[in-house]
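>>> sequence first, predicted coordinates after that:
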Amino acid sequence: MKYFKLIEPNIDPAPYLQEISGVEDAWSVSTGRQDKIKVQREALAIPLRGLRKSAIGDRKRRDVHESRWTSGSLKYPTARKFLEAFAASQNSILGRAKIVCLPAGKRVYPHIDNGEYYRVRDRYHFVLRSTSGSWMKTGDEEVRMKEGELWWFDNNVMHEASNDGDEDRIHMIFDMLPETLADQVFSNAS
């Protein structure tokens, strides 16, 4: 496969799911993703890291490289610790991150993540819950990601997802910039 790669096959999702369930109204606190991004309209999200708004300047949001922890991420210390540890293990700089719920019968519509931010970063999906396996298509390849798996995939190619199961599908989705690109990316970011 050229658009997908299984990175870790067996990570216990229970601590992350417990953390989410311990936060009242976790899925309704921030609705910007489903409200503003048409292809994501059926998905719910908990933003953990987002773009640094003060860095936008005259750039489009998809071209802003700087990111920061959201204030809401403080409620998810286990998720934060996982993200920081994985970035360090990959010699990478953590970018944007979110926990996403795709309810039963819903989908993420076909799209490409365009922009300078996405062009230089690797995208990962850590499957926290998916009873029937998380179906995803990128380019001409399809996979069914299972609970506890961590996948890399190429989000610079047309991709889509759907939940054909009967329970919510929950993923931690995040981006990482290889440290070898940091000087080039951040010197051109302003």
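Yep, that arrived.
>>> so what does residue 118 look like in phi/psi?
Dihedral angles of residue 118 (phi, psi; degrees, to the nearest 10) stand at phi -70, psi -30.
>>> so where's this protein uncertain?
31, 33-36, 189-190 (pLDDT under 70).
>>> could you pull out the strands for it?
Remark: strands assigned in the chain by DSSP state E are 4-8, 44-51, 67-69, 92-102, 107-111, 122-129, 134-138, 141-145, 150-153, 159-162, 169-178.
>>> turn those strands into JSON lines, columns for mean neighbour count and distance to residue 15.
Backbone N, C-alpha and C define where each C-beta goes, glycine included. Formatted as JSON lines, the strands of the chain follow (neighbours: other Cβ atoms under 10 Å; distance: least, Cβ to Cβ, whole Å):
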{"stretch": "strand 4-8", "mean neighbour count": "15", "distance to residue 15": "15"}
{"stretch": "strand 44-51", "mean neighbour count": "21", "distance to residue 15": "15"}
{"stretch": "strand 67-69", "mean neighbour count": "17", "distance to residue 15": "19"}
{"stretch": "strand 92-102", "mean neighbour count": "22", "distance to residue 15": "13"}
{"stretch": "strand 107-111", "mean neighbour count": "16", "distance to residue 15": "25"}
{"stretch": "strand 122-129", "mean neighbour count": "22", "distance to residue 15": "10"}
{"stretch": "strand 134-138", "mean neighbour count": "21", "distance to residue 15": "19"}
{"stretch": "strand 141-145", "mean neighbour count": "17", "distance to residue 15": "19"}
{"stretch": "strand 150-153", "mean neighbour count": "20", "distance to residue 15": "14"}
{"stretch": "strand 159-162", "mean neighbour count": "19", "distance to residue 15": "24"}
{"stretch": "strand 169-178", "mean neighbour count": "22", "distance to residue 15": "12"}
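>>> kindly reformat the ones you listed as CSV and extend each row with distance to residue 60.
Below are those laid out as CSV (distance: least, Cβ to Cβ, whole Å):
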stretch, distance to residue 60
strand 4-8, 28
strand 44-51, 11
strand 67-69, 15
strand 92-102, 15
strand 107-111, 16
strand 122-129, 19
strand 134-138, 23
strand 141-145, 29
strand 150-153, 23
strand 159-162, 20
strand 169-178, 16
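>>> what's the closest non-adjacent residue to residue 119?
Of all residues not flanking residue 119 in the chain, residue 156 sits nearest, at 6.5 Å (Cβ to Cβ, 6 or more residues apart in numbering).
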